[in-house]
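# Quick one: sequence and predicted model below, then my questions.
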Amino acid sequence: MSPQPYPYKHFNITFPPDHEYVAHVEINRPSKLNAFIEAMWLELSDIFTRLSTDPTVRAIILTGAGPKAFTAGLDVHAASEGTLSPESAQIDPARKATHLRRHILEFQHCISTVEKCEKPVIVAMHGFSLGLAIDLSVAADVRVCTEDVRFAVKEVDIGLAADIGTLSRLPKVVGSFGWVKEVSLTAREFGADEALRVGFVTHVFKDKEAAVEGALGLASRMAGKSPVAVQGTKELLNWSRDRRVEDGLRYTAVWNSAALQTKDVEAALLSGIQKRKPTFEKL
C-alpha cells in the first residue's frame, strides 16, 4: 500500500524513500518565518489526525521550511486583524469571553493532535523557534535542534500568558520548574546548549540538514520496531505522565493484556535468535 496523498497549502508532506514508514511534515511558509495563521493550525490538526491512522506510517518528523526559522510562532499581525482586533472589543464582555474561550480551545485541540497522534513524533528545530514553536515541540515526543537555534517562550512580550500548551507541558518535559518559570516570565531567549542541559532537547546538530537527517534516523529506528509495541509505549508513557504510578501500572496491565497477544512478540524474538532484521505487519 502506497502512502495516501496529503495535499496542503501550508505544509509539505513527503515520505522519504530511504526511510521506510516515515512521514516528513514540513511547515511551509518560509517568507513569513513559518509563522502560523488560523488556516495553518487547522491544517496541522487534519494532517496529524490522518497520519495517526495511516497504516503506511509508523513515525513522523516535523520541520520548518527555509533557512531562517522552524517557526517564529503566531502571526501576530494576522491575529490583530482577526480574533484580537480592536473592533471585537465592542462585543458584550461575556459574549466576547465565550467566543475567545471557544477559539482558544479549538487552537489547543489542533496542537494537541500532535501529542494524541498514535505514531511517535520527532521535531527538528532550527533558527527562530519562538512562542508556538515551544507549544508544538512539547506536544511532540522527541525534540532535536541545531546549534544556531533561538528559543523563547515569547507570549508575555505580547501581553499574553502562553495558552496553547507550553505552560502545561514544558514543566513535565524538563527537570527544573524554576527554569520554566524564569524563561516563561522573562521571555528571554535561550539556545541549544541550555536546551540540552535542561533536557528540553535530546540532540544538538551542526546545521539544519544534519538535524533533519538526525531526526529521520531516529524516526527510522522507531519505525523499524513493532508498531504495536511503539504505539503502546507512547500511549502508556503519555497516560502515566499525569497519574500515580499505581494507576499507570493498572492501565499498562489492561493495555498489554490485549497487546501481548500480537504476533510481533514472536517475530521479534525469532529475529533475535536468527540474527536478522524483523518485519512486522501494518497496523
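Thanks, I have the structure now.
# use CA for all of it now, contacts and neighbours both
Will do.
# Return the distance of stretch 189-209 from the chain's centre.
16 Å (C-alpha atoms, centre = their mean, to the nearest Å).
# what is the mean pLDDT for that stretch?
Averaged over stretch 189-209, pLDDT sits at 98.
# Can you mark which positions in it are buried?
191-193, 195-196, 200-201, 203-205, 207-208 (16 or more other C-alpha atoms under 10 Å).
# In helices, which of those appear?
Cross-referencing the buried residues of stretch 189-209 against helices under DSSP state H gives 192-193, 195-196, 208.
# Tell me the one of those residues nearest residue 108?
For those, the closest approach to residue 108 (C-alpha to C-alpha) belongs to residue 195, at 23.8 Å.
# which residue packs closest to that closest one, ignoring adjacent ones?
residue 201 (5.7 Å; C-alpha to C-alpha, 6 or more residues apart in numbering).
# do the same with residue 235
Residue nearest to residue 235 in three dimensions, not counting chain neighbours: residue 118, with 7.4 Å by C-alpha to C-alpha, 6+ apart.
# which residues does the one you found contact?
By C-alpha atoms under 8 Å, 6 or more residues apart in numbering, the residues touching residue 118 are 52-53, 231, 234-235.
# Going by distance to residue 99, which of the residues you listed wins?
Residue 99 has its nearest neighbour among the contacts of residue 118 in residue 52, at 29.5 Å by C-alpha to C-alpha.
# Wait, that closest one touches residue 120, no?
No: taking contacts as C-alpha atoms under 8 Å, residue 52 lies outside contact range of residue 120: 9.3 Å.
# From the neighbour counts alone, determine which of these two ranks first.
A count of neighbours by other C-alpha atoms under 10 Å puts residue 120 above the other of residue 52 and residue 120, at 24 against 21.
# Now do the more buried one against residue 13, distance only.
Distance of residue 120 to residue 13, given as C-alpha to C-alpha, to the nearest Å: 16 Å.
# before we move on, what about residue 29?
Counting by C-alpha to C-alpha, the gap from residue 29 to residue 13 is 14 Å.
# and those two? which has more neighbours close in?
For residue 29 versus residue 13, the count of surrounding residues by other C-alpha under 10 Å is larger for residue 29: 21 against 18.
# so which helix or strand takes in the spatially closest residue to residue 139 that is not a sequence neighbour?
Among residues not flanking residue 139 along the chain, residue 115 sits closest, at 4.7 Å (C-alpha to C-alpha, 6+ apart). Element membership of residue 115, judged by DSSP states H and E, is helix 93-116.
# Quick one: list the elements packing against the helix or strand following that helix.
Next helix or strand after helix 93-116 toward the C-terminus (DSSP H and E): strand 121-125. Helices and strands touching strand 121-125, by 3 or more C-alpha pairs under 8 Å, 6 or more residues apart in numbering; DSSP states H and E, are strand 59-64, strand 69-71, strand 142-146, helix 208-223.
# Can you tell me which of the ones you listed is most buried?
strand 69-71 (a mean of 30; mean count of other C-alpha atoms under 10 Å).
# starting at the chain centroid, how far to that one?
Strand 69-71 sits 13 Å away from the centroid of its parent chain (C-alpha atoms, centre = their mean).
# same question, stretch 263-272
With C-alpha atoms, centre = their mean, you get 30 Å for stretch 263-272.
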